[in-house]
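1. return atomic coordinates for the entry below.
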Amino acid sequence: MTDIPTGTVAEVISPERIAERVAALGAAINNDYRDRTPILVSVLKGTVPFIADLGRHLTVPVEFDFLQLTRFGGGGRIGIALDTAESLTGRDVLLVEDIVDTGLSVQVLRQALAERQVASLATLTLLDKVPRRLVDVPLEYRGFEVGDEYLVGYGLDWQGKFRNLPGIWAMLDRMAFEEDLVAQFDYMYG
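-> Model (predicted):
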């Protein structure tokens, strides 16, 4: 195991805790949707590990679809780069996010999905970054509340890397982290 510089990264949520919480979220969804067939609309790319693990805990019939967002302009306007393949009209939609911070993306997505005349709409997020919230959005299902650290792992990335880490890690000293990426996570891959 490679020594990690003290104070550079810290595990925030272990793979075991993630597995337990995903199982509990699956059980809640099974209970709440026991007489329905929801469509889980997952926001790419960060939700991929979460939606895959969650799907294995769902015993109700479900369908999966995906969206991808894009931000453009100085104001950070949000657009849909990849839309769902299926019609959502009259469907029970469960919007799946990896992390909710300001709430702006979820607000835009919920409005866009509601305009499609869905039967019901709920939001599920693995991580809720409450300290960064600018807009109050409903989160019917929530995995963990986290602080304001920059997080990587379990779908969350830094410059496209580290999505495959089984746990969630915080970059405590981003400058030191960026100076020596191999030293930071070599032990996780080795």
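
2. list the contacts of the residue nearest the centre of the chain.
-> When C-alpha atoms, centre = their mean is applied to the chain, the residue found nearest the centroid is D98 (0.4 Å). Neighbour list for D98: V43, G46, T47, F50, T125, L126, L127, Y154, G155, L156 [criterion: C-beta atoms under 8 Å, 6 or more residues apart in numbering]. Quick note: C-beta positions are derived from backbone N, CA and C, even for glycine.

3. what helices and strands are in contact with the longest helix seen in the chain?
-> When secondary structure is assigned using DSSP state H, the longest helix within the chain turns out to be helix 15-32. Other elements packing on helix 15-32 under the criterion 3 or more C-beta pairs under 8 Å, 6 or more residues apart in numbering; DSSP states H and E are helix 48-55, strand 120-128, strand 141-145.

4. buried residues in stretch 39-48?
-> For stretch 39-48, the buried set under the neighbour-count rule, 16 or more other C-beta atoms under 10 Å, comprises I39, L40, V41, S42, V43, G46, T47, V48.

5. gap between the residue lying closest to P61 once chain neighbours are set aside and L165?
-> Distances taken as C-beta to C-beta, 6 or more residues apart in numbering place T37 nearest to P61, at 4.6 Å, with adjacent residues excluded. Distance, T37 to L165, using C-beta to C-beta, to the nearest Å: 33 Å.

6. more crowded one of those two?
-> Regarding T37 and L165, a neighbour count based on other C-beta atoms under 10 Å identifies L165 as having more, with 20 against 11.

7. quick check: the more buried one vs P138, distance?
-> When C-beta to C-beta is the yardstick, L165 and P138 sit 29 Å from each other.

8. G46 now?
-> When distances are taken as C-beta to C-beta, G46 and P138 turn out to be 20 Å apart.

9. just the pLDDT for F144.
-> With respect to pLDDT, F144 scores 98.

10. enumerate the beta-bridge partners assigned to it.
-> L127 (DSSP bridges).

11. could we number from 273 for the rest of this?
-> OK, 273 is where the count begins now, so the last one is F416.

12. could you count how many residues lie near it?
-> Neighbouring residues of F416 were enumerated by other C-beta under 10 Å; the total is 16.

13. also the one 4 residues further on?
-> Around D420 there are 11 other residues, counting by other C-beta under 10 Å.

14. helix/strand/coil for it?
-> Reducing the assignment to helix, strand or coil with DSSP: H, G, I helix; E, B strand; the rest coil, the entry for D420 is coil.

15. skip the chain neighbours and tell me the closest residue to it.
-> With C-beta to C-beta, 6+ apart as the criterion, D420 has its nearest non-adjacent residue at 4.6 Å, and that residue is P403.

16. the nearest residue to I311 once chain neighbours are set aside: what's it in contact with?
-> For I311, ignoring the flanking residues on the chain, the nearest one in space by C-beta to C-beta, 6+ apart is E335 at 4.4 Å. Shown in contact with E335 (C-beta under 8 Å, 6+ apart): T309, P310, I311, L312, E358.
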